[in-house]
Structure formats: structure tokens, C-alpha cells
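In: what follows is a predicted protein model with its sequence.
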Amino acid sequence: MCDGVMIFKKLFLALVLAAPVLASAEGDYFLNDIDVHGFISQGYIVSTRNNYMSKTTGGGSFEYNEFGLNFFSEPVDQLQVGAQIFSRDLGIIDNNRLVIDWALADYSLGDSFGVRAGKLRNSFLLYNQSRDFDSTRNSIFLPQSTYSEIFRDSETGLYGAGIYGLFTSGDLGYFEYEAQLGVFDLGSDSGEALFFVDGEQGLAVNDYDSDTTLIGRLIWNTPAEGLRIALSAADTGFTVEGRSLQPLSLGDSESVLASVQELPFTNSGDANAYAISAEYLSGSLKLSSEYHLYKISNLETRVPFAVIPQDDIPAEGWYLMGAYRLNDFLELGSYYSVYYRNRNDRDGSIFQEETGKPAFSTWLKDVALTIRFDVNDFWVIKVEGHYFDGADRILVDQNTNPMTGEGQLYRNWYMGALKTSISF
């Protein structure tokens, strides 16, 4: 991780820890009026055949919880500062490590223009900026085709700066815009790093860094009441540094390097993403859909004395989601979500021919049903069921055959989840 990111994290952590002291001091100090809010969630996941992030088959797993505590202050007119500390456990991901989820200063010159700096919420897609707040949505898990829990670190937080605002356009409604420039906070313990080595025995990641990242989003709030349409785009890149703890396959069985132990490697590439989103609200009904394209290009692996180019990875995902509130206590919801690792090989036949691995490990199709109970204004309970076709975005290392030690995934499987959340 770069030194600038580390310094920034330490400064904001110091600010968060010092905030209560500053707030309680006598006199008009910088942070003498702080709003504090937070949430606590505990979940349970059980599945058939395939494990989801942890050992969820059999008796299921309680390794699913979230905690967030955020602080807001407005020291002067038009300037807001805030931060959130966050912790979660989802099987082998995060394991309750405490992080600065976001921390920023926001200065607004009015509705038409504002600027933010710090650790920002990623503005790509509709719900990345609100996905931590369980009470804002019907489902337990957002559609994994688009909001993968494995890639949360890069899908939510960005160290940098951004501009935002809105402008009206007469009878056409009004538009909201946001642009961000910065770097993602990843590292060797991120979900991205876990996924990189998943199923690749003998690989270890030393560091995982992103290139400078540009994100833009334009939301059109249409004249049709309750309907908004958004376009999003992101341009970034990544570099993974690691080592192979066993002979590394380089596509050439005669290569001397293919038999070298403890071989250092660097994997890098460019990543571009584009999305179109739509949301419609009418009374008790909420409908939404998003379609995104994601492409990794210029991918190559560097080892001593060799550079090995890799094929591009053109992925796509989409979903249709709806929820209907029956009364103050009960809300029902459902979605259908589809993800393809390679949109040029949707049936996985090319992948299976080249790797010998099952074709269904290149897609994930998900039908989800959710029942949400609002016990009161701050306590929510959700019950959710999933039927999956495919096994992409499922960790192979959590699904090994105990006899052979090799990954063993199944195409068709079910998952159930229960979650209770309290916000304050």
C-alpha cells in the first residue's frame, strides 16, 4: 500500500478517536457539535452442496456480522466533515478487522456544485454508496452479479477527491452528476487478493494496489414521478505482487522457470466498467435494474526474465429487482441476477476446453426471495432464500473435496439467510 494512503488513514483514525474529546471540551471548538449514528447486524447463512464464504453446508454458519459507527459535524456553514469506522465478518473475509469505511470533508457551494475529499464512497452504480445500511433496502444480499461481497473493498471506498452537484432542465426533470479521482484501498488481506489466489494452490499475495482511478456517474431524475435513470463509468488498473510456493505454470513445459520454487511474480492489467441503471418508486412499490460491462485488458504476468501476456476478461452482469411493502411491518421482495465471467463464452465451453474445469464455474444465476419485518423504527429482521445456477464468484478454497484436497463445486444449489439489524 502506498505511503500516502497509510498517512491518510492514520490522520483520519486520529480524528475519529479524538472526536469525543473535542466534542466534550468547553468553548466553541472545531468539533463541538457531532452527530453520532451507527448500526449492528448479525446473520446466519446455510446452504446446500456449495459453501458460501465459509462452511455454510451442514449446520450453517453464524460467521456473518456487521458493525458501523459514524460521526458528522458542520464546523462552518457549507462545510461538513464525517467518518465511519466499520467492521464485518463474512466467513473468511475481513474477520472483524476494524477499518475506516469512509472519512471525508464536503464543501458545498449550493445545489449545483460541491467538492469532497478523503476516503469517498464509490459512486459507480446506484447502491454502492448506501450498501452498508441494511435498513435502506429489502434484501439481505444485493445482487451478487453486480454487488459482489468478495469485491466490496474496491466497490465501496476510494481515497481521493470528487465533485458533485445537480442542475435542472425544465420539463426534462433534473440531473445529478458526480466525478471522483483517487485510488482504491486494497492490500494482501482484501477480498480481491483472496479471489486472485482462490483455487490456485501455492500462490501467495504480498501486495495488491490499484492505479489512479476515475469514476463518473450521471443520474437523470425524469419527469415521470419516481423514475430515475443513471449512467456510470470507471477506469482503473491494478498490480498484484506475490510469489509462487510451487512450480508456476507458464504455458511452456520446457521452461526452466516452470520448475523454480518461490518464484516472485507481478500481475497487472487495466480495468474498465460501464453501467446503465434504472429505478422506479411508486407508493409501496420499488423496482430497479442494472446492467454492467467489466473488462480487464492488457493483462500480463511478469516473472524473472519473462513476461507472459494473458487473455482479456470481458465480463457482464445484470439484475431485475422488486420490492412491495404490504404495511408498516411487512415487505416482500425478489430479484433475478445473472453474471458471466466472459460474455463471449456465456456457456463456458471455451473455458472448459482450455482448463478442464466445469463450464458452470464461469457464470452465476440467482433467484432470490426476501421477507422483511420492521419490528420498529430501528430494528429490522430479514429472511431470504436463494436458488443458484452456476458457481462463479464462489470461493473454490471453501469447497474442497476432503479426499483429494481439490476444489469441488456444484452447478445447482440453494442458500438461506437470516439477518437482524439495529440502527441508531
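Out: Yep, that arrived.
In: alpha carbons only for contacts and neighbour counts from here, please
Out: Noted.
In: chain neighbours aside, what residue packs nearest to residue 160?
Out: In this structure, residue 160 finds its nearest non-sequential neighbour in residue 182, 3.9 Å apart by Cα to Cα, 6 or more residues apart in numbering.
In: confirm for me that that neighbour is in contact with residue 154.
Out: No - judged on Cα atoms under 8 Å, residue 182 makes no contact with residue 154 at a distance of 11.5 Å.
In: more crowded one of those two?
Out: Per other Cα atoms under 10 Å, whichever of residue 182 and residue 154 has more neighbours is residue 182, with 22 against 17.
In: please report the distance of that one from residue 152.
Out: Remark: distance between residue 182 and residue 152 (Cα to Cα, to the nearest Å) = 17 Å.
In: what sits against the residue sitting nearest the centre point of the chain?
Out: The centre of the chain sits closest to residue 152, judged by Cα atoms, centre = their mean, with a distance of 2.4 Å. Residue 152 makes contact with residue 191 under the criterion Cα atoms under 8 Å, 6 or more residues apart in numbering.
In: tell me the confidence at it?
Out: pLDDT, residue 152: 82.
In: distance check, it against residue 413.
Out: Using Cα to Cα, residue 152 is found at 23 Å from residue 413.
In: count of residues packed around residue 311?
Out: Residue 311 sits with 10 neighbouring residues when counted by other Cα under 10 Å.
In: and if you look at residue 292?
Out: Number of residues near residue 292 (other Cα under 10 Å) recorded here: 21.
In: nearest spatial neighbour of it, chain-adjacent residues omitted?
Out: Per Cα to Cα, 6+ apart, closest to residue 292 is residue 275, 4.1 Å.
In: other residues contacting whichever strand or helix holds residue 307?
Out: According to DSSP states H and E, residue 307 maps onto strand 306-309. Residues from elsewhere that reach strand 306-309, judged by Cα under 8 Å, 6+ apart: 250, 298, 299, 300, 301, 302.
In: gap between the helix or strand following that strand and the chain center?
Out: Counting by DSSP H and E, the element after strand 306-309 in chain order, helix or strand, is strand 313-325. Distance of strand 313-325 from the chain centroid (Cα atoms, centre = their mean, to the nearest Å) equals 14 Å.
In: who does strand 313-325 pair up with?
Out: Each strand that pairs with strand 313-325, with its direction, by DSSP bridges: strand 285-303 (antiparallel), strand 330-340 (antiparallel).
In: low-confidence ranges, this structure, go.
Out: By pLDDT under 70, the weakly predicted segments of the chain are 1-32, 198-202, 245-262, 402-406.
In: in it, which spans are helices?
Out: Along the chain, counting by DSSP state H, helices occupy 3-24, 152-156, 191-197, 349-355.
In: circling back: okay, the strand holding residue 307 in CSV with CA atoms only?
Out: Extracted in CSV, the C-alpha atoms of strand 306-309 (Å, rounded to 0.1, in the frame of the first residue of the first chain):
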residue,chain,number,x,y,z
ALA,A,306,9.9,-13.4,-18.8
VAL,A,307,6.6,-11.5,-19.5
ILE,A,308,3.6,-13.7,-20.1
PRO,A,309,0.6,-12.0,-21.8
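In: please identify the buried residues of that strand?
Out: By 16 or more other Cα atoms under 10 Å, strand 306-309 has no buried positions at all.
In: now do stretch 362-375
Out: In stretch 362-375, counting by 16+ other Cα under 10 Å, buried: 362-374.
In: need the contact partners of it.
Out: Contacts of stretch 362-375 (Cα under 8 Å, 6+ apart): 138-140, 143, 145, 328-342, 346-348, 351, 380-393.
In: residues in contact with the nearest residue to residue 234 once chain neighbours are set aside?
Out: Here the nearest residue to residue 234 in space, its sequence neighbours aside, is residue 215; by Cα to Cα, 6+ apart that works out to 4.4 Å. Each residue near residue 215 by Cα under 8 Å, 6+ apart is listed here: 122, 123, 124, 179, 180, 181, 232, 233, 234, 235.
In: strands along the stretch 101-250 of the chain, start to end?
Out: Using DSSP state E, counting those that start in this stretch, the strands of the stretch 101-250 of the chain run over 114-121, 157-168, 174-183, 203-210, 213-221, 227-244.
In: between the first one and strand 157-168, how many degrees?
Out: To tie it back to what came earlier, the one meant is strand 114-121. 140 degrees (axes from the mean of the first three to the mean of the last three Cα atoms, to 10 degrees).
In: strand 114-121: which residues count as buried?
Out: Neighbour-count burial for strand 114-121 flags 114, 115, 116, 117, 118, 119, 120, 121 (criterion: 16+ other Cα under 10 Å).
In: can you redo those residues as CSV with distance to residue 270?
Out: Putting the buried residues of strand 114-121 into CSV (distance: Cα to Cα, whole Å) gives the following:
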residue, distance to residue 270
114, 30
115, 27
116, 26
117, 25
118, 24
119, 22
120, 22
121, 21
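In: so which bits of stretch 131-151 are buried?
Out: Counting neighbours by 16+ other Cα under 10 Å, the buried set in stretch 131-151 is 131-135, 137-147, 149-151.
In: now that stretch, how far from the centre of its chain.
Out: Distance of stretch 131-151 from its chain centroid, counting by Cα atoms, centre = their mean, is 8 Å.
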